[in-house]
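Undergrad: Sequence and predicted structure are below.
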Amino acid sequence: MFLSKKSPLVAIDIGSSSIKLVQLRELKRGKYELAHFGIMPLTEECIVEGLIKKPELVAEALNKLIKTEKIQSNYAVSSVAGESVFTKKIKVPVMSKEELSKRITNNTQNYIPFDIDDVALDFEILSTIRADEEEGFKTTEQVNFLHDSQDNDVQVESSDDSIKMRDFMEVLLVAVKKNTINERSNILKAAGLKPVIIDLDVFALMNAARLTKDLSSMGNVALVDLGDSFTHINIIQGGAVHCALDIPIGGGYLTNVLMSKFKVPFEQILAIKRGKFSSDIKEDEVIEAILEAHKKVLKEVKKYFEYFIILSNHQIERVFLCGGGSMIRGIDGFFNDYLKIPVETLDPMQGIKVNPKKFNQSLINEMSSLYGVALGLATRRFDYI
């Protein structure tokens with residue numbers, strides 16, 4: 001089969017506690033209808049602290065999910081996140097994409113903490129900054145790039161004034177360890193799928209947010225993905241990724257705290273998180289436990305926001321929560337009170353047409369924020385660019 005932008009792809013989000021599957025049917029540009037929507041839980045030993053420990057069990061669970069959802073297309077899009085992923089925004093002199101690719105490859109050690117042979121490297125040009133629009137932004141990193149770029153095509157003088165007079169481009173660098181990509185691809189293949197796109201969680205979440213939000217007009221916003229093992233913080237500036245951070249604590253920690261405190265099984269803890277209490281459990285005790293368990297996450301998020309404000313001289317104007325942790329009743333209020341920033345739970349499913357004869361609308365609404373990455377991936381279409 002020859003792949004094109006119209007080729008149906010199935011989105012697979014492999015998380016620490018479950019696999020989410022979504023397939024969308026494109027109605028017209030930027031408008032979609034839900035075609036398939038499913039989830040398969042994973043046992044605790046499958047993925048530990050973001051690392052896949054039992055790939056055969058993950059592949060088996062994915063295969064069951066594919067059969068349950070009766071997926072016809074075997075072309076898949078998935079994504080990765082965590083410590084094997086590195087993103088960085090840099091400023092470089094204006095040049096062609098070909099020249100930029102060459103420069104980045106030759107100076108990789110200045111930008112990423114991985115060996116060039118161990119990663120898949122890509123970049124995206126975000127914007128061009130005219131010399132008369134930028135004041136005093138020069139950094140050691142930019143000067144090094146300028147001096148390394150001296151040849152017949154790029155003439156650069158070494159004085160500070162000449163550097164400041166150049167037009168620059170903002171470029172987002174992305175490096176992902178090849179073994180992480182191979183690991184994810186092998187699981188998809190073992191489940192009978194053919195991986196054609198391996199994206200990043202942060203880009204998938206941005207695509208999901210764009211289903212209902214115009215990120216390019218919202219200034220500086222933060223997408224906070226409350227996962228089971230990690231909390232992913234992604235700061236979006238003018239509709240583009242500015243920086244990202246992974247905090248190695250997530251909803252799994254809260255689950256353990258609640259199970260230890262109330263001595264109830266795992267299934268009941270999930271109900272408690274969503275505000276469904278039995279007669280022997282007091283709501284104020286649950287709220288106290290949730291707040292206590294989230295203190296570390298909240299402190300790390302606030303610290304990272306303060307760091308961003310100092311470096312960029314810009315405020316975070318809004319926070320969007322997503323992931324399994326965002327399904328906790330009142331979690332947006334906890335974040336709002338602590339951060340003193342408007343916070344809301346991302347609901348990307350509001351931008352998707354859902355056939356009520358095929359899907360349970362109330363269940364879809366309840367699970368929407370959990371499917372942020374999968375929905376964002378499902379908006380991707382195959383191309384060679």
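TA: Looks like it came in fine.
Undergrad: how about the strands in the stretch 101-250 of the chain?
TA: Per DSSP state E, counting those that start in this stretch, the stretch 101-250 of the chain carries strands over the ranges 119-129, 168-177, 194-200, 220-226, 231-237, 240-247.
Undergrad: wait, which of the ones you listed is closest to Leu311?
TA: With distances scored as C-beta to C-beta, the stretch of the strands of the stretch 101-250 of the chain nearest to Leu311 is strand 240-247 (8.6 Å). (Glycine included, C-beta is placed from N, CA and C.)
Undergrad: Can you tell me what sits against that closest one?
TA: Identification of contacts with strand 240-247 by C-beta atoms under 8 Å, 6 or more residues apart in numbering yields 81-83, 87-89, 126-127, 172, 202-203, 206, 220, 230-236, 296-297, 300-301, 304, 308, 312.
Undergrad: on that earlier part again, so for Lys263, which of the strands of the stretch 101-250 of the chain sits nearest?
TA: Ranked by C-beta to C-beta, the member of the strands of the stretch 101-250 of the chain that lies closest to Lys263 is strand 220-226, at 24.6 Å.
Undergrad: The closest one pairs with which strands, parallel or anti?
TA: The sheet places strand 220-226 alongside strand 231-237 (antiparallel), strand 318-322 (parallel), with pairing taken from DSSP bridges.
Undergrad: Dump the ones you listed into JSON lines; add mean neighbour count, distance to Gly333 and mean pLDDT as well.
TA: Formatted as JSON lines, the strands paired with strand 220-226 follow (neighbours: other C-beta atoms under 10 Å; distance: least, C-beta to C-beta, whole Å; pLDDT from 0 to 100):
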{"stretch": "strand 231-237", "mean neighbour count": "23", "distance to Gly333": "17", "mean pLDDT": "91"}
{"stretch": "strand 318-322", "mean neighbour count": "24", "distance to Gly333": "11", "mean pLDDT": "95"}
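Undergrad: Dump these into TSV; add distance to Ala191 as well.
TA: Shown next, in TSV, are these (distance: least, C-beta to C-beta, whole Å):
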stretch	distance to Ala191
strand 231-237	24
strand 318-322	25
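Undergrad: I'd like to know which of these is closest to Met40.
TA: Each of the strands paired with strand 220-226 has some distance to Met40 by C-beta to C-beta; the shortest is strand 318-322, at 19.5 Å.
Undergrad: List of residues touching the helix or strand following that closest one?
TA: Once strand 318-322 ends, the next helix or strand along the chain (criterion: DSSP states H and E) is helix 331-339. Helix 331-339 is contacted from outside by 224, 226, 290-291, 294, 298, 301-302, 305, 319, 321, 325-326, 342-345, using C-beta under 8 Å, 6+ apart.
Undergrad: quick one: low-confidence ranges for the stretch 151-300 of the chain?
TA: Within the stretch 151-300 of the chain, the stretches with pLDDT under 70 are 151-165, 279.
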